[in-house]
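[1] Provided below are the primary sequence and the corresponding predicted coordinates.
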Amino acid sequence: MTVPTYSAVKNFWTAVIIGFVYSAVFYGGGAAGLHPGLVIAAVALKLGAGIYMCFFREWRAVGAGLITSVPIAVMIVLTICFAIAAVLS
Amino acid sequence: MDFPVYLEMLGLRLHPHLLAELVAYSLSFQLYLRVRRLSVFREATPPFEQMMWVIMGAMFGAMFGSKILAWLEAPQDFFAVPFQPRRLIGGKTIVGGLLGGWAGVEIAKWFVRVRTSTGDACVFPLILGMAVGRVGCFLTGLSDHTHGVHTRLPWGVDFGDGPRHPTQLYEIAFLVAFALGLGVWFTHAHRANGLLFRAFISGYLLFRFAVEFLKPSEKIYAGCSAIQLASLAGTWLCLWSLYGRRSQP
């Protein structure tokens, strides 16, 4: 029987990338004008999920990664989505 | 040359600032991953269970710092009537990002009880990212608000309304020279104890304080811009902590 290994580094950066992609979908929808609340919803959901995961030791790195993806996505993804929306409109 | 200089790629017309920003983020992150493997930095790096909170602190601090200073720099642009929330998305400042990121790191380190210096490994990736980012600022031209005042000097660049100081190029030149100087100094010092990071921050902030006088920014705070005041405050903080570290046995 193999013992499952716990890698904080891997979990953290995987969660950052997942959070990044998740934001791209939501922010893209918000920038395209589907619903203005999509951007706020994306941040609130991701923050909530990340904070909840931080209460469990095995999920702490994933939670921290999700929370960390919030400012990264706000600084990068949001800018890209609104730039693309501006070009397309 | 007409500004902004759009870049044609795969049939797409890409905005120079967006492209340079993405290239800057990618290159500096790749360089950081390589630099931190060097033994001199690896010894100072705390376990990742602590380091992830420091990264989080840096990201949140950089986000809030870069935005808040941009809003303070030109409040009339961001809080104009009628108020448009979308305006708040645009505008970021490097000085705010650096100071906010540093504050975020220090707060996170205090919470997770990290005593070692973590900033030295970030210095050269930061310099690379900032220099590449400034290429995007230069190619964007007037709408980026990073250009200088009008000049008759032969190297003045016409962004569309007459020759101006290419302050973005001045900054790139400064960053390259500063990186070389810091690199030479660090190969002799060869110790990751926070001195390199503080030397970089104080040097860059002093440069920004000076070069802001060549920019047509709003000097609405006692004859200075918000960036200049933040630069002065950051330099003082940096030199104060630098002095504290040097006086340690």
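    Looks like it arrived, so ask away. Note that the structure is predicted; figures quoted are calculated from it, not measured. Residues are numbered from 1 along each chain as shown, chains lettered A, B, ... in the order given.

[2] next SSE after the one helix or strand B:I201 maps to?
    Per DSSP states H and E, B:I201 falls inside helix B:195-211. Beyond helix B:195-211 on the C-terminal side, the first helix or strand identified by DSSP H and E is helix B:226-246.

[3] Distance from that following helix to the middle of the chain?
    On the basis of C-alpha atoms, centre = their mean, to the nearest Å, helix B:226-246 is displaced by 15 Å from the centre of the chain it belongs to.

[4] Counting by contacts, list what that helix packs against.
    The helices and strands touching helix B:226-246, judged by 3 or more C-beta pairs under 8 Å, 6 or more residues apart in numbering or on different chains; DSSP states H and E, are helix B:48-73, helix B:94-111, helix B:195-211. C-beta here means a position set from N, CA and C on the backbone, and glycine is covered the same way.

[5] Can you tell me which of those is nearest to chain A?
    The closest of the helices and strands packed on helix B:226-246 to chain A is helix B:48-73. By C-beta to the nearest C-beta, the value is 3.7 Å.

[6] Please spell out which residues along stretch A:25-35 are buried.
    Residues A:F26, A:Y27, A:G28, A:G29, A:G30, A:A31 are the ones in stretch A:25-35 that count as buried (16 or more other C-beta atoms under 10 Å in any protein chain shown).

[7] Mean confidence (pLDDT) on it, please.
    When pLDDT is averaged along stretch A:25-35, the result is 74.

[8] Who are the contact partners of the residue nearest to the spatial centre of chain B?
    Using C-alpha atoms, centre = their mean, the residue of chain B that lies closest to the mean C-alpha position is B:I94, 3.3 Å off. Under the criterion of C-beta atoms under 8 Å, 6 or more residues apart in numbering or on different chains, the contact list for B:I94 reads B:S66, B:M130, B:G133, B:R208.

[9] Try it again at 10 Å.
    When contacts are counted by C-beta atoms under 10 Å, 6 or more residues apart in numbering or on different chains, B:I94 touches B:62, B:65-66, B:69, B:126, B:129-130, B:133-134, B:137, B:146, B:171, B:204, B:208, B:227.

[10] For whatever residue of chain A ends up closest to chain B, pull up the helix or strand it's in.
    Of chain A, the residue with the smallest distance to chain B, taken as C-beta to the nearest C-beta, is A:P71 at 3.7 Å. Using DSSP H and E, A:P71 maps to helix A:60-75.

[11] Report the distance from that helix to the chain centre.
    Taking C-alpha atoms, centre = their mean, one finds the center of helix A:60-75 at 6 Å from the center of the full chain.

[12] Can you name every helix or strand that it contacts?
    Counting contacts by 3 or more C-beta pairs under 10 Å, 6 or more residues apart in numbering or on different chains; DSSP states H and E, the secondary-structure elements packed against helix A:60-75 are helix A:8-31, helix A:38-53, helix A:77-88, helix B:16-35, helix B:48-73, helix B:94-111.

[13] where does chain B come near chain A, residue by residue?
    With the criterion set to C-beta under 10 Å from any C-beta of the partner chain, chain B comes near chain A through B:12-15, B:17-18, B:21-22, B:25, B:47-53, B:55-64, B:66-67, B:85-86, B:89-90, B:92, B:97, B:100-101, B:104.
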